[in-house]
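Engineer: Pasting the sequence and the predicted model now:
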Amino acid sequence: MTEAKAAWNALRDTPATSLTELFTNEPDRLSRLSMEEAGILFDFSKTHLSAALIDRFAALAEANDFAGRRDALFAGAVVNVTEGRAAEHPAERGQGAPDSVARARGFHARMRGMIDAIEAEVFGPIRHILHVGIGGSALGPDLLVDALGRDAGRYDVAVVSNVDGAALDAVFRRFDPQATLLVVASKTFTTTETMLNARSVLSWMEEDNVEDPYSRVIALTASPEKAVEWGIDETRILPFSESVGGRYSLWSSIGFPAALALGWDAFEELLEGAAAMDRHFRLAPPSTNIPLLAAFVDQYYSVLRGAETRAVFAYDERLRLLPAYLQQLEMESNGKGVKADGSPVDGPTAAITWGGVGTDAQHAVFQLLHQGTRLVPVEFVAAIEPDHVLDDAHHRTLLVNCFAQGAALMAGRDNGDPARAYPGDRPSTTILLDRLDARRLGALIAFYEHRTFANAVMLGINPFDQFGVELGKEIAKSIESEGTERFDPSTRALIARALG
Ligand code: F6P
C-alpha cells in the first residue's frame, strides 16, 4: 500500500464527531482553529476538523510531498507538467525564482509607465476604459475594480467578456468612443470571443470617426507577437510571462485596468498583501498553515463526507464577484479526472463552487443549507469596517446576520414538528477582514490560490492546465468551417433551426 493510500485509510477510520461535541472535547479549539494573517481572521472552528483529523491530513500532505511541491512552486520549477511550464504567479508578488521576479518587475515597470502616459493624456483625454477579455483575462480585473474602485473616480472601467453583443451594446450606450481606451486582454491573443469583441469596439470607434482607433488600443498578453500581427503597436503591448496561468494572472499586466483605476500605490499594496500570504503559506507548519488547513476542510467534506459542492457567501456587496472568480480558480484548476502522471483519480476532485451575497442569499438559497438533504460546507466572507455613508445599523445588521447563520447551521434546533426542525451540525468557515482594502484583498486572493494548490497536491493532480475547455472550442470552430454533417441529429437540428 502506498503511503498516501495508508493516510487516506487512517482518515477514513477517524471517528466522526459532531461540531458541538468537538467544542466540548477540545477546550482550546477556538484558539487553535481561529487564526489571523495579513489583517484577515480565518475561523475554521465550526468545521469538523478535529485535532486527530489535522494530524492525519498532515500525514496525507507529507505522503504527497506537499513541502517539496510547494518548494518547487516557489522555486519556479516545472510544476505544470502537462504543459512543461512553471507557475509564476508568486513571482509577480516578488516571491519566486530571482530571474522570474526580475522579469515580473520589468513588466510591472512597463505597466506603470503606461499608466503615467495615460494620466499625462498621451492618448488624449481618456475617461472610459473598455477592457475586453474572458475567463482569467476578465474575472480578476473585474473583481478588483468592482471591489475597490467604487470611489476611485479616476476612470470609468467596463469589463466585457461575453461574446453576446448585448454585453458590448450596454457599454456603447454609456461610453463616449472619443474618450475611450480599448484594453484587449488575452494571454494567447487568439480567444474567439475576445478578438471578436475587440474588433467590434474598433468598428464602434471608426463609426464615430475616432482618429486612428488602433492607436487607442492597449494589449495585455503573453503572446506579444500575436498582438503585433493583430495590428497593435509594440509600444502599446504590456506583456506578461507565459508561465503565469490565466486564472492566476490578475497580478500581472492583466491587472492593468485595476492599477489604472485604483492607482499604482493600491496595485502595489495588492501585491504586498499577496506576498504576505505567500510567505505564510511557504513557512507556516501544517497545523497553523491557513491555506493548507482550508484544503484539509475541502478534502474532508468532498472525499470523506461526499459533499458535491461548497458555497461561498460574501457578506459584503463589494465582493459580489468573488464567487464567480473562485468558480474559475477552483473548478478550472482542480476539476480534473486524472492525476499529473495521467493515471485516473480514484475519488472526487474539486467540489462545485457556488455562492452569492449575504444577506440576499439568506432569502433565496439558505433553506436548502439549513434543512436540505445535501451537505454543503459554507464559507462566509465579511469585513469589519463598512464602506458607505449610511447609518451603522446597516453594517451591524449585515454582520449580525452573517454570524447568526454560522451559529444556526452548527447548533440547529429540535422541534416537535419535523418541518420546523433544524438538524444542525452543518459546517461553516468564517473569513473576517479587518477592512476591505487592496492589501487585504491581495492576501485573500492569494489564500484562495494556495488553498487550490494544496488541494491539488493532496489529490495528486496538476492544477495549472485546463484541457477540458478545448473540445467545445474546437467543435464551435469546426461548425463554422466544416458545416454540421458529422454531428448528431439533435445538434444538427438545433443549428438548422437557429442558424439556418
Ligand atoms: O477557455 C479557458 C481559458 O483558456 C482560460 O483558462 C483563460 O483564462 C481564458 O480561456 C481566456 O484565455 P486568453 O487569456 O488566452 O484569452
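Structural biologist: Yep, it's here. Residues are numbered from 1 along each chain as shown.
Engineer: what's near enough to touch the residue in the stretch 351-500 of the chain that the ligand sits nearest to?
Structural biologist: Closest contact between the stretch 351-500 of the chain and the ligand, by Cβ to the nearest ligand atom, is at residue 469 (3.7 Å). All C-beta atoms are positioned from the backbone trio N, CA, C, and that covers glycine. Shown in contact with residue 469 (Cβ atoms under 8 Å, 6 or more residues apart in numbering): residue 332.
Engineer: any idea how far it is from residue 191?
Structural biologist: Using Cβ to Cβ, to the nearest Å, residue 469 is found at 10 Å from residue 191.
Engineer: One more: residue 116?
Structural biologist: Distance from residue 116 to residue 191, by Cβ to Cβ: 29 Å.
Engineer: which other helices and strands contact the helix or strand bottoming out on mean pLDDT in the chain?
Structural biologist: Least confident helix or strand of the chain, by mean pLDDT, DSSP states H and E, is helix 470-482 with a mean of 90. Packing partners of helix 470-482 (3 or more Cβ pairs under 8 Å, 6 or more residues apart in numbering; DSSP states H and E): helix 192-207.
Engineer: now the angle from the helix it packs on to helix 470-482?
Structural biologist: Interaxial angle, helix 192-207 versus helix 470-482 (axes from the mean of the first three to the mean of the last three Cα atoms, to 10 degrees): 60 degrees.
Engineer: Could you pull out the buried residues of the helix or strand following helix 192-207?
Structural biologist: As assigned by DSSP states H and E, the chain's next helix or strand after helix 192-207 is strand 217-221. For strand 217-221, the buried set under the neighbour-count rule, 16 or more other Cβ atoms under 10 Å, comprises 217-221.
Engineer: ok, of those residues, which one's closest to residue 156?
Structural biologist: Nearest to residue 156 among the buried residues of strand 217-221, counting by Cβ to Cβ, is residue 218 at 16.1 Å.
Engineer: related to what we said a few turns ago, who has more neighbours, residue 116 and residue 191?
Structural biologist: Ranked by neighbour count (other Cβ atoms under 10 Å), residue 116 and residue 191 place residue 191 first, with 23 against 11.
Engineer: Quick one: residues contacting that one.
Structural biologist: 133-135, 137.
Engineer: Among these, which ones are in strands?
Structural biologist: The strands, defined by DSSP state E, take in nothing from the contacts of residue 191.
Engineer: Just the buried subset of the residues you listed, written out for ChimeraX, thanks.
Structural biologist: Selection of the buried residues among those in ChimeraX, burial being defined by 16+ other Cβ under 10 Å:
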select :133,134,135,137
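Engineer: ok, which of the contacts of residue 191 also contact the ligand?
Structural biologist: 134-135, 137 (Cβ under 6 Å from any ligand atom).
Engineer: TSV please, covering the residues you listed and showing pLDDT and distance to residue 245.
Structural biologist: Compiled in TSV, those are given as follows (pLDDT from 0 to 100; distance: Cβ to Cβ, whole Å):
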residue	pLDDT	distance to residue 245
134	98	15
135	98	10
137	98	11
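Engineer: Pipe the residues you listed into CSV and attach distance to residue 278 per row.
Structural biologist: Below are those laid out as CSV (distance: Cβ to Cβ, whole Å):
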residue, distance to residue 278
134, 27
135, 23
137, 23
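Engineer: In stretch 359-374, which residues are buried?
Structural biologist: For stretch 359-374, by 16+ other Cβ under 10 Å, it's 359, 361-362, 365-366, 369-370.
Engineer: Looking at these, which is nearest residue 232?
Structural biologist: residue 361 (41.7 Å).
Engineer: Give me the phi and psi angles of the closest one.
Structural biologist: phi -60, psi -30 (degrees, to the nearest 10).
Engineer: Could I get the pLDDT score of it?
Structural biologist: Listed pLDDT for residue 361 reads 97.
Engineer: roughly how far is the host helix or strand of residue 182 from the heart of the chain?
Structural biologist: If you go by DSSP H and E, residue 182 is part of strand 180-185. Distance of strand 180-185 from the chain centroid (Cα atoms, centre = their mean, to the nearest Å) equals 22 Å.
Engineer: For it, which strands pair with it and how are they oriented?
Structural biologist: strand 128-132 (parallel), strand 217-221 (parallel) (DSSP bridges).
Engineer: Save those as JSON lines, and put in mean pLDDT too.
Structural biologist: Shown next, in JSON lines, are those (pLDDT from 0 to 100):
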{"stretch": "strand 128-132", "mean pLDDT": "97"}
{"stretch": "strand 217-221", "mean pLDDT": "98"}
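Engineer: what about residue 226, how many neighbours?
Structural biologist: Neighbour tally, residue 226, other Cβ under 10 Å: 17.
Engineer: Surely it forms part of a helix?
Structural biologist: Yes. Checked against DSSP: H, G, I helix; E, B strand; the rest coil, residue 226 lies within a helix.
Engineer: Contact partners for it?
Structural biologist: Residue 226 neighbours (Cβ under 8 Å, 6+ apart): 188-190.
Engineer: So for whichever residue of the stretch 151-300 of the chain sits closest to the ligand, what's the pLDDT?
Structural biologist: Using Cβ to the nearest ligand atom, residue 246 is the residue of the stretch 151-300 of the chain that sits closest to the ligand, at 2.7 Å. Each residue has a pLDDT score; the one for residue 246 is 98.
Engineer: Against residue 277, how distant is it?
Structural biologist: 20 Å.
Engineer: element containing residue 296?
Structural biologist: Applying DSSP H and E, one finds residue 296 within helix 290-299.
Engineer: Quick one: list the elements packing against that helix.
Structural biologist: strand 40-43, helix 51-63, helix 264-283, helix 438-459.
Engineer: Highest mean neighbour count out of the ones you listed?
Structural biologist: helix 438-459 (a mean of 25; mean count of other Cβ atoms under 10 Å).
Engineer: Against which helices or strands is it packed?
Structural biologist: If you count contacts as 3+ Cβ pairs under 8 Å, 6+ apart, helix 438-459 packs onto strand 40-43, helix 51-63, helix 66-75, helix 139-148, helix 264-283, helix 290-299, helix 333-334, strand 428-433.
Engineer: Rounded mean pLDDT for the first one, please.
Structural biologist: Mean per-residue pLDDT for strand 40-43: 98.
Engineer: Let me have the helices and strands packed on helix 290-299 in TSV, adding distance to the ligand as columns.
Structural biologist: Listed next are the helices and strands packed on helix 290-299 as TSV, based on distance: least, Cβ to the nearest ligand atom, whole Å:
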stretch	distance to the ligand
strand 40-43	26
helix 51-63	27
helix 264-283	18
helix 438-459	14
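Engineer: List, one by one, the residues from this protein near the ligand.
Structural biologist: 134-137, 186-188, 191, 194, 246-247, 332, 466, 469.
Engineer: hmm, try it at 5 Å
Structural biologist: Within the chain, the positions adjacent to the ligand are 135-137, 186-188, 191, 246, 466, 469 by Cβ under 5 Å from any ligand atom.
Engineer: confidence score at the residue lying farthest from the centre of the chain?
Structural biologist: Distance from the C-alpha centroid of the chain peaks at residue 416, with 43.1 Å (Cα atoms, centre = their mean). We have a pLDDT of 89 for residue 416.
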